[in-house]
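Student: Prediction below, plus the sequence it came from.
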Amino acid sequence: MVKARVMSRAVALFARAGIVLLVFLLAASSEAQAPSAVLSGAVTDPAGKAVPHARISAKNAATGQTTDAEADSAGRYEGLSLASGDYEISVSAPGLTTTTT
């Protein structure tokens, strides 16, 4: 009788562990279905000098959603979090021609 109780407790413990593992696997797979990326870089002029406080804009070609960032005083930017897809990237700064790719 004691063996049966110990055995049933062990089975219940493994069943709970299996359910917890399944929940973690499902959560991980749902995140994997929505790939994304973080865009970062530096803005420079044709002479290679940093362009401080340039505006960077990423427009999703499929949805039209735009994500913006501003470069720091050294022309660096980071943290433009983008869903997967095709984007039109524009960079602008006062006194310079806006560039779009």
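Tutor: Yep, it's here.
Student: which residues of the chain fall in helices?
Tutor: 2-32 (DSSP state H).
Student: how's it carved up into domains?
Tutor: 1-33, 36-100 (automatic domain parsing).
Student: gap between the two ends of the last one?
Tutor: Separation of the first and last residues of domain 36-100 by CA to CA, to the nearest Å is 21 Å.
Student: just to revisit the earlier point, weakest of the domains of the chain by average pLDDT?
Tutor: In terms of average pLDDT, domain 1-33 trails the rest of the domains of the chain, at a mean of 44.
Student: Quick one: residues contacting A62.
Tutor: By CB atoms under 8 Å, 6 or more residues apart in numbering, the residues touching A62 are 85-86. From N, CA and C alone the C-beta is placed, and that goes for glycine too.
Student: Spit out the contact partners of S36.
Tutor: The contact partners of S36, taken as CB under 8 Å, 6+ apart, are 81-84.
Student: and with 6 Å instead?
Tutor: Applying CB atoms under 6 Å, 6 or more residues apart in numbering to S36 gives the contacts A83.
Student: With I89 instead?
Tutor: 58, 101.
Student: what bridges to it?
Tutor: A58 (DSSP bridges).
Student: Nearest residue to E78 in space, please, no chain neighbours.
Tutor: S40 (3.5 Å; CB to CB, 6 or more residues apart in numbering).
Student: What spatial separation is found between that neighbour and N60?
Tutor: Distance check for S40 against N60: by CB to CB, to the nearest Å, it reads 18 Å.
Student: for P52, same thing?
Tutor: 27 Å.
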